[in-house]
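**Student:** this one's sequence-less:
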């Protein structure tokens, strides 16, 4: 089924909730500027394995309210707290890609005892993306300023350029390009609100998740492709794994940022192994 919850500030959060209600819940958190639909390959795989699969559209994204406020990580996490409460989730596995990985880190760090059993960060933005004295390996702020400028100038074209090139590694020699995947990325992006997408660039690039990661006790699998052109590998996954009390790093040689889509046949069994371990 699909439904919505309404948050304390009146925002409608759309979600999908498929599978047996008494099965172990897996909650999927999408990346910028996408929607729950980005997890189709994972949700269908785990549904067939007997799991309860849940995915929501972040505020301002997909079918949720096109918010002009609250487009930052604290509110994103609060929205997930409200969703977990509404659905009565216990011992759930939270799986986040890219910006969704940041959302997972902040949510799990703040979740009530018993709500979360495990977590997975895939091509995720933590610990922090932007370059600073504390994070010399990060990307310069000018990169994210460029994202903002491109979004304002021509969001529709920008949302074709990103999936056509770096997101899925379709700009690499010999890449097997899928026009359908590109257009589906565009479709999801254009469903959301420009203001929310603009604000979210700051949220995913400048939020520091160091203390969140340090405070998480549950097992966390950190998965990342070493040819990720969106969230560079060296300044993300290895650093996150070191900060986690119970973190495991799994690196995928040559895989792009959008590897859950391009390499679902490899990623899904890896997720299953971790969930069942």
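**Tutor:** Done, it's in. Keep in mind the model is a prediction, meaning the values are calculated, not measured.
**Student:** excluding its backbone neighbours, what's nearest the spatially most central residue of the chain?
**Tutor:** Geometric centre of the chain, nearest residue: residue 100, 2.2 Å, by Cα atoms, centre = their mean. Spatial nearest neighbour of residue 100, chain neighbours left out: residue 29 (3.2 Å); criterion: Cβ to Cβ, 6 or more residues apart in numbering. (Each C-beta comes from the backbone N, C-alpha and C, glycine too.)
**Student:** tell me the phi and psi of the one you found?
**Tutor:** Torsion angles at residue 29 (phi, psi; degrees, to the nearest 10) stand at phi -120, psi 120.
**Student:** tell me the spacing between it and residue 118.
**Tutor:** 14 Å (Cβ to Cβ, to the nearest Å).
**Student:** one more: residue 181?
**Tutor:** Counting by Cβ to Cβ - residue 181 and residue 118 are separated by 28 Å.
**Student:** so the residue nearest to residue 100 touches residue 93, yeah?
**Tutor:** No. Using Cβ atoms under 8 Å, residue 29 makes no contact with residue 93, being 11.3 Å away.
**Student:** next secondary structure after the one helix or strand residue 223 maps to?
**Tutor:** Secondary structure from DSSP states H and E places residue 223 in strand 220-225. Moving toward the C-terminus from strand 220-225, the next helix or strand (DSSP H and E) is helix 237-243.
**Student:** identify the residues contacting the following helix or strand past that following helix?
**Tutor:** Downstream of helix 237-243, the next assigned helix or strand under DSSP H and E is strand 247-252. Strand 247-252 is contacted from outside by 213, 219-226, 233, 237-238, 240-241, 259, 263, 266-267, 270, 274, using Cβ atoms under 8 Å, 6 or more residues apart in numbering.
**Student:** okay, the residue nearest to the centre of the chain and residue 137: tell me how far apart.
**Tutor:** Computed with Cβ to Cβ, the distance linking residue 100 and residue 137 is 22 Å.
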